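A.B. asks: quick one, structure for this:
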Amino acid sequence: MSYCLNPDCQKPQNPAVTKFCLNCGSKLLLGERYRAIKPIGQGGFGRTFLAIDEYKPSQPRCVIKQFFPQTQGTSNAEKAAELFTREAQRLDELGKHPQIPELLAHFQQEGRQYLVQEFIDGQNLSQELASKGVFNEFQILQLLKDLLPVLQFVHSKQVIHRDIKPENIIRRSADGKIVLVDFGASKFASQTSLEKLGTVIGSVGFAAPEQITGKALAASDLYSLGVTCIYLMTNKSPLDLFDAERNIWGWRYYLQEPVSESFAHILDKLLQPALEQRYQSAAEVLQDLTALSSENSAYSYSATAEKIPYQSASNSKNATKNLSFIAKILGGTPQVLTGKIMQSLGNYEKALDLYDRAIQINPRNYDAWYKKGCLYWELQRYEKAIICYEKTLEIKPDHYEAWRSLGTLLYSLQRYEEAVFSYDKALQIYPHQPTLWLWRSMALKLLGKSAEAQISFAKAKEILPANSAEKAAILLEAWENLIKL
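C.D. replies: Below is the predicted model:
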């Protein structure tokens, strides 16, 4: 079949070998070479068609993009035309990378702009999510390791993509590699363009906050990549995952599988609304991912995958599981993961031994130090728990859970000044935590600092959810935790 590219044609479908449209008489071969077969998409700037290259004996498939803006007004049309031309320029510069579509042609025909690019056979990540379900930590790690070098290359050419989202990331069927597409929104990251306001570009929910003002940097693409990751892990719209009132992401609440804290920290840094708190380059993210991988590989204390028997939840039988594999999927280490299982089964000494083995292999394994501290607290060995929490924070000063746990433990020991200090540290990391503000208020009250306690209590009230049921649940949690101490 041959498809007429004339937007006004009422009957665009034609026989495969026809040179001119039987309905409107328009040329069916673009540039005397490329024949559109069927439409595959339409956006704000134009239409996209699957096509074949008739110059080559194999007649390989390609993609035709036709400039056909939906904007109103002369200035908008001119801006759209500029963006379309820019996409051709970007593809010409970037398309030599094996994970970016190659530009095959860019020209005008019958008064309209066209570009022809390499066809990428595969599913985009939105389609993959729909067909295979949510991604787990291991899959997202692989995605980041595959896509970040592509972004690093793009940014090294002083280009910002500005529209990173699942629909613009395709997994190529031939080799499973990730391919970044649709550079229509991209711009040069010259110093002047970074400092002045430009066109607002990006997809709702995925675009970085600074893009609202037309500003775009490498960190803007990294933010969009972070949003893409949590969308793929939750299958929830970014608008549902972001609490606009508190200016925080709540993606953890929607996870179907747990993730390691180290990995969550990387995602949180990608997602920082404040530009200066976010990763500034793809290289920085890759460096942290490499450290994470090295950390995980250091945990394997056997050349072969260790198999440790553990009791099933139903206590009906013992099963042998490959903990190294589970740890790789869920995050953490075989020792820490097995330690958590032993702890849940009440085998505390075995759990402590496993945490110690993890620390012996890697003394900077803050996850093992933290869980060991929690176990010591459960065993009422309070001073040892404090030492473990402090060691966790020495290695990882922004470990929110460690500051939070340390503060609550110190409160239970009536060391209120130190508890307030720990709560303050935790709130510097995640300030929108009403429960923590309530605990802080109680500690200040017990110190005789009523005025400060009232301010802390007012802060807790200010950020409590509007929903009465959620508010009651948070207040109940805070009260139950305090009376247990």
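A.B. asks: not counting sequence-adjacent ones, nearest residue to Lys11?
C.D. replies: The spatial neighbour of Lys11 that comes closest, neighbours along the chain excluded (C-beta to C-beta, 6 or more residues apart in numbering), is Asn23 at 4.0 Å. Where you see a C-beta, it was placed from the backbone N, CA and C, and this is true even at glycine.
A.B. asks: shouldn't that neighbour be in contact with Asp8?
C.D. replies: No. Using C-beta atoms under 8 Å, Asn23 is not in contact with Asp8; the gap is 10.1 Å.
A.B. asks: ok, the two, which is more surrounded?
C.D. replies: The neighbour count for Asn23 versus Asp8, taken as other C-beta atoms under 10 Å, is higher for Asn23 (14 against 8).
A.B. asks: for that one, helix, strand, or coil?
C.D. replies: coil (DSSP: H, G, I helix; E, B strand; the rest coil).
A.B. asks: and it, what is it in contact with?
C.D. replies: Cys4, Cys9, Gln10, Lys11, Pro12, Asn14 (C-beta atoms under 8 Å, 6 or more residues apart in numbering).
A.B. asks: quick one: buried ones out of these?
C.D. replies: Buried residues within the contacts of Asn23, counting neighbours by 16 or more other C-beta atoms under 10 Å: Cys4, Cys9, Pro12, Asn14.
A.B. asks: got a list of what the last one touches?
C.D. replies: Under the criterion of C-beta under 8 Å, 6+ apart, the contact list for Asn14 reads Met1, Ser2, Tyr3, Cys4, Cys21, Leu22, Asn23, Leu28.
A.B. asks: pull out the buried residues from those.
C.D. replies: Buried among those by 16+ other C-beta under 10 Å: Ser2, Tyr3, Cys4, Cys21, Leu28.
A.B. asks: tell me where the stretch 101-250 of the chain has helices.
C.D. replies: Ranges of helices within the stretch 101-250 of the chain are 125-132, 137-156, 191-195, 218-234, 238-241, based on DSSP state H, counting those that start in this stretch.
A.B. asks: got those as JSON lines, with mean neighbour count and mean pLDDT columns?
C.D. replies: Output for those, formatted as JSON lines (neighbours: other C-beta atoms under 10 Å; pLDDT from 0 to 100):
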{"stretch": "helix 125-132", "mean neighbour count": "15", "mean pLDDT": "92"}
{"stretch": "helix 137-156", "mean neighbour count": "19", "mean pLDDT": "94"}
{"stretch": "helix 191-195", "mean neighbour count": "11", "mean pLDDT": "36"}
{"stretch": "helix 218-234", "mean neighbour count": "25", "mean pLDDT": "96"}
{"stretch": "helix 238-241", "mean neighbour count": "16", "mean pLDDT": "87"}
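A.B. asks: those helices: which one's closest to Trp369?
C.D. replies: When the helices of the stretch 101-250 of the chain are compared by C-beta to C-beta, helix 137-156 sits nearest Trp369, at 21.0 Å.
A.B. asks: then the closest one to PDB, C-alphas only?
C.D. replies: Provided in PDB are the C-alpha atoms of helix 137-156 (Å, rounded to 0.1, in the frame of the first residue of the first chain):
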ATOM      1  CA  GLU A 137      14.900  -2.500  40.800                       C
ATOM      2  CA  PHE A 138      17.200  -4.800  38.700                       C
ATOM      3  CA  GLN A 139      15.400  -3.800  35.500                       C
ATOM      4  CA  ILE A 140      15.500  -0.100  36.300                       C
ATOM      5  CA  LEU A 141      19.200  -0.400  37.100                       C
ATOM      6  CA  GLN A 142      19.800  -2.000  33.700                       C
ATOM      7  CA  LEU A 143      17.800   0.700  32.000                       C
ATOM      8  CA  LEU A 144      19.800   3.500  33.700                       C
ATOM      9  CA  LYS A 145      23.100   1.800  32.800                       C
ATOM     10  CA  ASP A 146      22.000   1.500  29.200                       C
ATOM     11  CA  LEU A 147      20.500   4.900  28.800                       C
ATOM     12  CA  LEU A 148      22.800   7.200  30.800                       C
ATOM     13  CA  PRO A 149      25.800   6.800  28.500                       C
ATOM     14  CA  VAL A 150      23.500   7.900  25.600                       C
ATOM     15  CA  LEU A 151      22.500  11.000  27.600                       C
ATOM     16  CA  GLN A 152      26.100  11.600  28.400                       C
ATOM     17  CA  PHE A 153      26.900  11.600  24.700                       C
ATOM     18  CA  VAL A 154      23.900  13.900  23.900                       C
ATOM     19  CA  HIS A 155      24.900  16.400  26.600                       C
ATOM     20  CA  SER A 156      28.500  16.300  25.500                       C
END
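A.B. asks: cheers, nothing more for now.
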